[in-house]
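Chemist: I would like to see how this sequence folds:
(chains A, B, C, D and E, ligands or ions: 4)
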Amino acid sequence: SSSGDKKAEGTSDGGAKTETSSTGFAGTPEEDSYTIDLRAEPPELNSMLTTDVASGDILRMVMSGLYKLDENDKPVPDLAEETTVSDDKRTYTMKLRQDAKWTNGEPVTANDFVFAYQAVCNKETASSYAFIIYDNLLNGKEVYEGTKDPSELGVKAIDDYTLEVTFVNPIPYAEHLFSFSTYYPVNQKAYEEIGAEHYGDEMDQLVTNGAYTISEWVHNDHITLTANEDFYDPDRVAVKTVRYNMMNDSNARMNAFQAGQIDCINLTGDQTVQAESLGIHVENYVNNSNWYIQFNTKKTDKGLDNANIRRALGLALDTQSLCDNILKDGSVPATGLVPTGIAGANDVLYREAAGDITGYNAEEAKKALEKGLQETGLKAEDLKLSFLCDDTDGAQRDAQFMQEQWKSVLGLNVEITPQPFKSRLASMNSGDFDMVYAGWAPDYNDAMTFLDLFTTTNGNNYGKYSNTEYDKLIADAMVEADPAARQDLLVKAETLVTQTDAAVYPIYFSAVSYAVSDKVQNMTRTGFQEFDFTDAK
Amino acid sequence: MDKLVTLDHVSKHFHVGKGKNLVAVNDISLDIYKGETLGVVGESGCGKSTLGRVVMGIYPATSGKMLYNGKQVNLRHTKDRYVYSQKAQIIFQDPYASLNPRMTVGSIIAEGMEIHNMYDKEKRMQRVYELLETVGLNREHANRFPHEFSGGQRQRIGIARALAVEPEFIVCDEPISALDVSIQSQIINLLKDLQAEHGFTYMFIAHDLNIVKYISDRIAVMYLGNLVELADSDEIYAHTLHPYSQALLASVPIPDPDKEAQKESSVLSGDVPSPINPKPGCPFANRCKHATERCKMESPKLQEVRPGHFVACHLHK
Amino acid sequence: MQLLPGEPFTAGKALPDSVMQALEKKYGLDKPVLQQLFIYIGNALRGDFGISIPDGRAVTDVIAEAFPVSFSLGIRALLFAFIMGILLGVVAAVKRGTVWDSAAMFFALVGVSVPSFIMGAVLQYFLGLKLYQATGVQVFAVIGWSDFNSKILPAFALAFGSMATVSRLMRTSMLDVLSQDYIKTAKAKGLSQRQIVWKHAVRNAVMPVVTVMGPLVAAVLTGAFVVENIFSIPGLGKYFVTSVQTLNYTMIAGTTVFYGMFLILANLVVDLIYGFIDPRIKLTGGKE
Amino acid sequence: MRKKNNKTTVQTEQYTPYDVSGKISSDAFEVLGADAKSMESLARPSVSFMKDAWNRIRKSRVAVICMIILGLIILGAIFCPMLTPFSYSEQNVAFQNKPIMSPDSVTGQMHIFGTDALGRDVFSRVWYGARVSLTVAIAVALIDCLVGVIYGGISGYFGGAVDNVMMRIVEIISGIPYLIIVILLMTVMERGLGTIIVAYSLTGWTGMARLVRGQVVGLKEQEFVIAAKSMGASPARIIGKHLVPNVLSVIIVNITLDIPNVIFTEAFLSMLGLGIAPPKSSWGIMANDAIKVFQMFPTQLVIVALFICVTMLSFNLLGDQLRDAFDPKLRR
Amino acid sequence: MEEILKIDNLHVSFDTYAGEVHAVRGVSLEVNKGEVLAIVGESGCGKSVTAQTIMKLNPMPPARIKEGSIKLCGKDIVAASEKEMQDIRGQMVSMIFQDPMTCMNPTMRVGKQLTETLVNKKKISKADAEKEAVRLLQMVQIPNAEERAKQYPHEFSGGMRQRAMIAMALACNPQLLIADEPTTALDVTIQAQIMQLMGKIKDDTKTAIILITHDLGVVANLADHVAVMYAGKVVEKGTVRDIFYNPGHPYTKALLKSLPTIDTKKEEQLVSIPGTPPDLYAPPQGCGFASRCECCMKICRSNQPPVFQVSEGHTASCWRLHPDFPGDKEEKVNG
Ligand SMILES: Nc1ncnc2c1ncn2[C@@H]1O[C@H](COP(=O)(O)OP(=O)(O)OP(=O)(O)O)[C@@H](O)[C@H]1O
Ligand SMILES: Nc1ncnc2c1ncn2[C@@H]1O[C@H](COP(=O)(O)OP(=O)(O)OP(=O)(O)O)[C@@H](O)[C@H]1O
Ligand SMILES: [Mg+2]
Ligand SMILES: [Mg+2]
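Modeler: Ligands and ions are numbered 1, 2, ... in the order given. Just a heads-up that it's a prediction; the model follows:
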């Protein structure tokens, strides 16, 4: 190993953990406390409004919902002690535990759920994730639009500790939904006292019921969680305090980690290689997100209405090389739209069941391009394509890689237009792009979260892809109660959109690699739970 | 003799900061006759240069009128000033600062002719050479830069520049104060010769009284922006009337040890008051031996007390 | 949710129109643009810069919280830049033409020639990490803004460029002052070199340096964007960088207006200091 | 010294050619009179101010070295990208982050400065980056200079209310940290060379304008300007012929000191991801990329940093030297 | 008479960018107690350099004493170290400069600038020093001395500043006061005030004064002895009366004639000295004045004239004073 780690090993000062250290990165000196890099400030700790991963990470620690995910992303009961599902798989009746308490001393009751779901379904609340309730719950749309009374929403408190939730369709991933932050309960009294405006803005403007409580929150710097003494199951707590730092700079993270100021950091691809060479303990998980190229099918003059041209652009990309040489963080080439970790029917992961749909093939790419050009009557010079991507270093780097591939394989000069995330979304929204490099993280653990994006009417269908066959496949899958049959429909749809029509071309399934110091134990990191310390055994 | 320039109650104020009014020239009326040399003397800061510049039209007067050859010139008018700028020229005190260091001597001298579209290019150059020779330099110097010349030579370049536009009237703003003693006389002689040759009218500003007396026909004495005495140069020396003029004359050291030793000392005490927002009354009152209550209250008017001899003092009626 | 590469954070799902409308109403974005602008200006004049949209906090609150950190970092950096810069400048001027002069000016040149983000990263790596690994003692913290040992490196990284500017300026101005007549007078009075330099020269030489304090404050503020980012300091600069990257317009506008006002204030303070140092300037008027 | 004789030699120190027997021959005392020719002759050859400054610069070793370095960098920026076998965007991803002097795995040609994280040739990128960075820097400096000189010249010359209004505008613009303005503009405009130049120029000229104004305010009270005025010269002539040439040296110095600032800003913008669009390279982009792999492959940063620092250093030093060369106080 | 200062064959050069400036080329002077020596001469002829060399105030480098000796009250100045010079300055010799506007530290109160020396040199307490400062200001006729001491220089008028400078210079009772053009920047009426004050100081304190000026009127008023300098050399030296009434050197003669007095008639042409002084980068081989001298002779161009005695205590350097000089055919200069 390198000299760097030897020095650190020899000189780690007097921490209790020194002896147990196997690699020399003992982490922070404080006992019974982890410092984790959260990378950015959680913008929204109001569970009804939150949309982002960082806030989700904190809420997961401080909130208990009906279900929670275990370390394998399997939903397990949390507050729901006993669940009965109706035969049509649309109604869930749950008995709640009676020993759960809010931090303001009130007990957690079924009404807290009813209140939360009704509030989310209220336009005034302006919840970005309202759809995840109103799309699924009975009468959701009508209540949201105000045509029906909130009391008609598919959620009822049978009594204080019995909750009944009714869905519009049978939902195979219902338990997964119950673990999602929008489905968390909210204490009505606290919410009304603090006011909708400020709920969740500061640590004292939030009432929680979970394993940890927020003990310190310095915005944009760090947030500290301390084990909740009133939690109904104190044993689940892995460590007394967890401090989340918010650091922007990847070098700073690496330095801080090596200097023992932090216990867990995410690594860039290059850092992964470096960390391994320094003997740092590196872990890796697939985060169930994918990155893909979406084509603007309305750009007729640039041949993007032609499936062959689109396919050529996709096939020309050596995704294996991208993952191996550029990303280097454990990401794998995409073989379809749905990432490897997404659940499928009958306990077989979806990807395994569906098999490989897409992949790199330079020869075919050239052929497809030729064919496409013939079909459209365009010349290669006419394809003055621009490639929209994020302005982050990673995205630009990936884009440059692809740009070079298009040039060397297809002889096309593609121009990169990096934009800040929000501008990129705005450009996508207004159809002001040729090709865009976009990524999608699942909202729930089901292939549908990836596939319903490309129906004609979906707001996220920025490429304006429209195929009635595809629309029908998705619509059928929505109401199909049999999991296997449903999955078949989805695989057909996936093949259609990525291969036959190539309206969207998947690039890779992303993974996260991270360094972790020796002292950290019982941390769960998966695609659906970026950090979780409440799975202690 | 004909009047060339007439100043009629000319004042020049500068605004220096809020509510502060610096009275550099206060209500001066005088005539300058054709072909004469009018000497202007006074302490530093009394407004001599400002008066000279007002006459030149560089500073528009705050109030009052100026007539040239009997015609009023409105110096706020660009046209008037342009026409006037050919008739009147100025020679400056500082031979170092008054020549643009980035221009050749030739182009400095030619500039005025260029501005006034005098002659064609070739003739202009010819004139430059002539002028250089007139002031005792030679034509090779035309391509050189001012910093290569000594002070006296530069002053002569300044004179050549003023002569280039063939003016009638030249304001000499202390043209010799910055020069060495041994050079001063060169310039004085040159100015005198030129006047004899071309019949120039000079307004000659200086604080060296000996030189002023030597070169001037009439002398104006200024104090704190005011004209306090005006008379023929011999007259003013023979019958000095204003106490300030008297003190001024007495203060000039004579380069002769015996005479210096005999001279009775009459040193003025005190300092010149500030020209900013001046108090009413005679400006000299605070230093004057003869000052009375009246002097402090009422500023004296310039009056002719002897033929051709004007003075502004309550002592003289 | 929409994904940012490598940073699976901010969601950006195309929201149903109904949700969009609800959000726009909540943030007052449904009104005509001009009206929004007037409302914004009106509010800004009252010190209300609106709501930072991703986290829903008042921009004023964010500034009130983050600025003190930036300020404390900036003050340290400025003090450092001034004290070191003046010392270097004085030494260079007094020992003009010697090795001391060359050394000081080379140091200063390096300062103006190395961008602060390179400086910051290099300092962090060598003085933060490597020194720690070599000695086992955390002489300088690598990140954060808490103990004294975490405040040295960022302040230094931020100050370095400004220090260089100050020292160069100080040297020039010092040389200028040293050639003034009143220094000759002081020397003629028989004062020692030390007395001349410190009692007579420095105060006069500092004046032109004070005039660049305004621009220097601006430089330090903008430099803080980088340094706070590198050292993970919860200051306004770090916020600003994030705001730019996420196009948080209210935050960008608020910070800009605030910085603008702050700089105007800083310039006022500089004027006051100037008047204090130079007795010729009275606060009511200009120079004589 | 107590000799009665009126005309006694007190000391004779000089060899006199005519002194044979202690007595000086009488023809030595032949009166020649004042030497009119040598009197007004100028000993030194005619040199213009600029020529003189140029002579001094040439004599300064530091300045010459700086100019040679800058000349080499500019020449390199022009020619090196044409001469290298690799283009700035050509990738060999399997051959990434290689040290200096590595022969390419495919073509076998030498990567003189190694390769970057995408397997691109650092040598050609650094020279291509020099093109971009220097173009931006010089373009911005010239635009700043043009706008600043005109603006400052007008403001300073006319003074009074005009000056007041114009300077308030400058104050407002420079009251906001320029980076904020640049960043704001960069977010609304399309990225690219032109945009950076425009964005930076929009704010950068204020410094020059102030400087020129300050100089002009001082100069316009100078007697040579007043002389021109009294000659009837128009304001345009005065500004153009008398004022601007006299602030030229200050302007030149300021340009040399401005250029490093622009290079720095470009680098900084690239660091924020607002620089020029990939795959083009600039020093800022390269520094930003190199910093990411700095701990593993420090040479990448060292190379760009060296280029940035040496250029900045050269411009700064040259600026200092120019300032000295143009300083009237140091002239004789 | 007690000799305070003796300069012998002093040569001072400046090493500059353009070459070596031979600013002072063999100056010999002596000053006695209670006497005023005036040094007159053209601008750039080396007056200030000579004076500043006495106090070693010239920046060294670029200045360099090439040759010669300076004895101040018997002390060898040329060999003195900087430390010794600090004791000499202010106590044995002090200096006032031409421009009172720039010679005082603008950011220090006038009183402080006075007490500084006192505390430093005389080692008296601050309070005493303040009292002494006020006394000094009163001595130089500054009204309201106590309040004035608390003011800054910019609140003083030019004349007052120059007087304060004199007070500062006299604070430690130096043996020798060097006044380098003390009145050039002032008005005539103020100049008269300063001259009167200097005369009084000479009489009261018996301080020797070196007065540098190019105004012959001032010389006539104040000086006992005069040294005329030209192009780095003393060309003539003697008592005031010698110089004014019996000048020996053509330059002195021309100088006296070149300026009009009140009695000069308008019709008279002034005697003008054509040309300009030589460039001290390349001083002429012969007499420095040769090129401008009306009666320049062959030998003047090639050989530097030695010092000749005109009368007792009156010397001049001109070949015309050589015993072998055949005499004027027609008196050009005196005519
Ligand atoms: N441009 C200006 N702005 C403000 N004040 C001015 C200006 N020009 C001159 N003054 C003031 O006007 C007064 C008269 O100045 P002026 O230059 O006319 O005096 P002067 O008699 O020529 O003095 P000197 O003998 O020193 O040349 C002075 O107090 C001066 O400060
Ligand atoms: N620091 C210096 N560097 C180079 N040359 C110098 C320096 N100081 C003085 N000189 C030169 O020495 C010569 C004599 O200068 P000095 O100041 O003694 O003249 P001066 O007789 O005092 O003239 P003035 O009447 O103008 O004060 C001049 O030619 C001058 O240029
Ligand atoms: Mg004047
Ligand atoms: Mg002098």
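Chemist: what's the following helix or strand after the helix or strand hosting residue B:108?
Modeler: According to DSSP states H and E, residue B:108 maps onto helix B:105-115. For helix B:105-115, the following helix or strand on the C-terminal side (DSSP H and E) is helix B:121-134.
Chemist: How about that next one, which residues are buried there?
Modeler: Buried residues in helix B:121-134, counting neighbours by 16 or more other CB atoms under 10 Å in any protein chain shown, are found at B:124, B:125, B:127, B:128, B:129, B:131, B:132, B:134. To be clear about C-beta, it is placed using only N, CA and C from the backbone, and glycine gets the same treatment.
Chemist: And stretch A:364-374, by the same measure?
Modeler: A:365, A:366, A:368, A:369, A:371, A:372, A:373.
Chemist: that older thread, want to throw the buried residues of helix B:121-134 into CSV with distance to chain C?
Modeler: Shown next, in CSV, are those (distance: CB to the nearest CB, whole Å):
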residue, distance to chain C
B:124, 42
B:125, 42
B:127, 43
B:128, 38
B:129, 41
B:131, 38
B:132, 36
B:134, 39
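Chemist: Same list, those residues, but as JSON lines with distance to residue E:91 please.
Modeler: As requested, the buried residues of helix B:121-134 are arranged in JSON lines below (distance: CB to CB, whole Å):
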{"residue": "B:124", "distance to residue E:91": "64"}
{"residue": "B:125", "distance to residue E:91": "63"}
{"residue": "B:127", "distance to residue E:91": "62"}
{"residue": "B:128", "distance to residue E:91": "58"}
{"residue": "B:129", "distance to residue E:91": "60"}
{"residue": "B:131", "distance to residue E:91": "57"}
{"residue": "B:132", "distance to residue E:91": "55"}
{"residue": "B:134", "distance to residue E:91": "56"}
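Chemist: wait, residue C:178 sits on residue C:200?
Modeler: No - Residue C:178 lies out of contact with residue C:200 (CB atoms under 8 Å); the separation is 9.3 Å.
Chemist: higher neighbour count, those two?
Modeler: Using other CB atoms under 10 Å in any protein chain shown as the criterion, residue C:178 and residue C:200 rank with residue C:200 on top: 25 against 21.
Chemist: wait, isn't the more buried one in contact with residue E:103?
Modeler: No - Residue C:200 is beyond contact range of residue E:103, at 11.8 Å (criterion: CB under 8 Å).
Chemist: shared neighbours, the two?
Modeler: Common contacts of residue C:200 and residue E:103, defined by CB atoms under 8 Å, 6 or more residues apart in numbering or on different chains, comprise residue C:182.
Chemist: give me the element residue A:514 is part of.
Modeler: Using DSSP H and E, residue A:514 falls within strand A:504-516.
Chemist: who does that strand touch, helix- and strand-wise?
Modeler: strand A:264-267, helix A:269-278, strand A:282-295, helix A:307-315, strand A:332-333 (3 or more CB pairs under 8 Å, 6 or more residues apart in numbering or on different chains; DSSP states H and E).
Chemist: Look up phi and psi at the nearest residue to residue E:15 once chain neighbours are set aside.
Modeler: Spatially, and ignoring its direct neighbours in sequence, residue E:15 is nearest to residue E:62 (4.7 Å; CB to CB, 6 or more residues apart in numbering or on different chains). Dihedral angles phi and psi of residue E:62 (degrees, to the nearest 10) take the values phi -80, psi -10.
Chemist: most centrally placed residue in the chain?
Modeler: Let's take chain A. The centre of chain A sits closest to residue A:441, judged by CA atoms, centre = their mean, with a distance of 3.8 Å.
Chemist: try chain C instead
Modeler: residue C:220 (1.9 Å).
Chemist: measure that residue to residue C:266 for me?
Modeler: 10 Å (CB to CB, to the nearest Å).
Chemist: who are the neighbours in contact with residue E:12?
Modeler: Neighbours of residue E:12 in contact, by CB under 8 Å, 6+ apart: E:23, E:24, E:46, E:49, E:50, E:53, E:58, E:63, E:64, E:65, E:66.
Chemist: Would you agree the first one is in contact with residue E:280?
Modeler: Right, the one you point to is residue E:23. Yes - because the distance of 5.9 Å satisfies CB under 8 Å, residue E:23 is recorded as touching residue E:280.
Chemist: Identify the contacts common to these two.
Modeler: In contact with both residue E:23 and residue E:280: E:46, E:232, using CB under 8 Å, 6+ apart.
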